[in-house]
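A.B. asks: I'd like to go over a predicted model; first the sequence, then the structure.
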Amino acid sequence: MIKGLIFDLGGVVVEWSNSTTYRYIEEKYSIPEKAFKPVAEMGMPDAQTGRLSEVDWMRATFSHFGPPPPCSDEVWGKTFEAARYNSKLLELLTELRAAGYRLAALSNLEPSRAKWLKKHGINAYFDEIVFSCEVGLRKPDISKFAPENLEIYKLTLRGLGIGASECLFIDDNANCVEAAESIGIKTVRFENVEKLRKELHIRGVRIQKT
């Protein structure tokens, strides 16, 4: 029986995209997205786990293309200010909590995005919140499910106080879904809220309208 649900944030609960930042950088600093993106993403895991500060990550990335421009270290955070919540998903979260389910947010993100989420009331929707930049762990990017790459799921389960078989994990990233399944967590690959509601019904998750 499902007692709790874990939700990814970006692309599920929150509508934001790294492409917004890459386009901004291309327009403002004339560095093509196809050149900047792979360099940035090489350092992203370290920025998302606190091994490298977000400031140093951005400066190091820009340094591949010449001297870092003024305020380049603030670019990543600034371009997420236009992000917004998926209102239909927030409605679903409210209904699930009203029905008595324990809810957790689990996300790979940098400090600036964690700051945005806290500023915009993420704590109002979840019982447990796990940000990779705060716990020093992240969901795996590739299919290497070594124990250390799965610890963030186990940490989230402990925070909810439930077992893997009692939990449903929702993410739009197929690899993160597969990783969760490897330790016995039930999963749903997120596409949209309407399909998610149908999946929850199929899996016996009751939803209480508020």
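C.D. replies: Right, received. Where do you want to start?

A.B. asks: give the full set of residues in contact with the spatially most central residue of the chain.
C.D. replies: Centroid check for the chain by CA atoms, centre = their mean gives S107 as the closest residue, at 2.8 Å. S107 makes contacts with D8, L9, G10, R113, V130, F131, S132, as judged by CB atoms under 8 Å, 6 or more residues apart in numbering. Using the backbone N, CA and C atoms, a C-beta is placed for each residue, glycine as well.

A.B. asks: so how far is G66 from the last one?
C.D. replies: This means S132. 30 Å (CB to CB, to the nearest Å).

A.B. asks: now swap in D46 and tell me
C.D. replies: Separation of D46 from G66 (CB to CB): 22 Å.

A.B. asks: compare the two (neighbour count), which wins?
C.D. replies: Using other CB atoms under 10 Å as the criterion, D46 and G66 rank with D46 on top: 15 against 9.

A.B. asks: what's the nearest residue to that one if we skip its chain neighbours?
C.D. replies: Spatial nearest neighbour of D46, chain neighbours left out: L52 (3.8 Å); criterion: CB to CB, 6 or more residues apart in numbering.

A.B. asks: same check, this time on L90
C.D. replies: Of all residues beyond its chain neighbours, the one nearest L90 is Y125 (6.4 Å), with distances taken as CB to CB, 6+ apart.

A.B. asks: pop the domain breakdown of the protein in here.
C.D. replies: Domain assignment for the chain by automatic domain parsing gives 4-15+83-202, 18-78.

A.B. asks: now the longest one, how far from the chain's geometric center?
C.D. replies: Right, domain 4-15+83-202. 7 Å (CA atoms, centre = their mean, to the nearest Å).

A.B. asks: what's the first-to-last distance across it?
C.D. replies: Domain 4-15+83-202 has an end-to-end distance of 16 Å (CA to CA, to the nearest Å).

A.B. asks: grab the longest helix from this protein for me.
C.D. replies: helix 33-49 (DSSP state H).

A.B. asks: can you pull the buried residues of it?
C.D. replies: Using 16 or more other CB atoms under 10 Å as the test for burial, helix 33-49 gives E33, F36, K37, V39, A40, G43, M44, A47, Q48, T49.

A.B. asks: please pull out the lowest mean pLDDT helix or strand from this protein.
C.D. replies: When each helix and strand of the chain is scored by mean pLDDT, DSSP states H and E, helix 75-78 comes last, with a mean of 84.

A.B. asks: give me the residues contacting that helix.
C.D. replies: With contact meaning CB under 8 Å, 6+ apart, helix 75-78 is reached by T21, Y24, I25, E54, W57, M58, E110, S112, R113, K115, W116.

A.B. asks: need the contact list for the third one.
C.D. replies: Going by CB under 8 Å, 6+ apart, I25 touches I31, E33, F36, V75.

A.B. asks: could you rerun that using 6 Å?
C.D. replies: Contacts for I25 (CB atoms under 6 Å, 6 or more residues apart in numbering) come out as I31, F36.
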